[in-house]
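Trainee: Just to be clear, the model below is a prediction. Sequence and coordinates:
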Amino acid sequence: LAKTTQPISMDSYEGQEVNITCSHNNIATNDYITWYQQFPSQGPRFIIQGYKTKVTNEVASLFIPADRKSSTLSLPRVSLSDTAVYYCLVGGLRGGGGNKLTFGTGTQLKVEL
Amino acid sequence: NAGVTQTPKFQVLKTGQSMTLQCAQDMNHNSMYWYRQDPGMGLRLIYYSASEGTTDKGEVPNGYNVSRLNKREFSLRLESAAPSQTSVYFCASSPSDGSSYNEQFFGPGTRLTVL
């Protein structure tokens, strides 16, 4: 399973764009990159997933360079409610054996007024 | 549609006691997972079940057993609880329908304290 490295914490203010970068140097060909968000006392929640280039949904964008050794989660115009821990995960379905995910310690994002 | 449910929400055990954490999903997902999360840390996979009738070890399986009772239910058993098993336990499920990667849906967690 590919290991990921991301900043321990980040601070931002409401209305700003936040970019969280994750490195995954030993990502495998079959691996996808997925980001989860976790609020205190809750289970993680899926944000976005991608394989290469750029993916955008209603809450975030995910930028993946050609070598796929890193990825950047972009949160546009954050609000106080975006204060949470964000996890970058790399993994994929291998031989029908289920999705084995490896969670690192994540990035604690704190958004202030 | 409740998603993933877990019982109990909280539990206090004494060292050596046993208990079973229950998890159920109503999304007709094939795969189910058990994770533990210790304070200030990410989630670690204990066991998973790729499909009904199969289970496999994750990263930290020692001290635990699992049962995939049917497609909906996946239980985690602590046969002889130890203080090191004090943690928050999350159950998750995913479709795993053969596409390359699937989102995992998490339950609300069970907070377990072993004295």
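Mentor: Looks like it arrived, so ask away.
Trainee: From here on, just use CA atoms for contacts and neighbour counts.
Mentor: Noted.
Trainee: ok now do A:Phe46, which residues does it touch?
Mentor: With contacts defined as C-alpha atoms under 8 Å, 6 or more residues apart in numbering or on different chains, the neighbours of A:Phe46 are A:Thr34, A:Trp35, A:Tyr36, A:Gln37, B:Glu103, B:Gln104, B:Phe105.
Trainee: Recalculate using a threshold of 6 Å.
Mentor: Residues near A:Phe46 by C-alpha atoms under 6 Å, 6 or more residues apart in numbering or on different chains: A:Tyr36.
Trainee: Secondary structure element for it, which one?
Mentor: strand A:45-50 (DSSP states H and E).
Trainee: Parallel or antiparallel, list what pairs with that strand.
Mentor: Partner strands for strand A:45-50, per DSSP bridges, with pairing direction: strand A:32-38 (antiparallel).
Trainee: And for B:Gly16, nearest residue in space, chain neighbours not counted?
Mentor: Here the nearest residue to B:Gly16 in space, its sequence neighbours aside, is B:Ser80; by C-alpha to C-alpha, 6 or more residues apart in numbering or on different chains that works out to 4.3 Å.
Trainee: what's the spacing between the one you found and A:Leu113?
Mentor: 48 Å (C-alpha to C-alpha, to the nearest Å).
Trainee: So between the two, which is more surrounded?
Mentor: Higher neighbour count among B:Ser80 and A:Leu113: B:Ser80, with 15 against 8, using other C-alpha atoms under 10 Å in any protein chain shown.
Trainee: Verify the contact between the more buried one and B:Ser18 for me.
Mentor: Yes: assessed by C-alpha atoms under 6 Å, B:Ser80 is found in contact with B:Ser18 at 5.1 Å.
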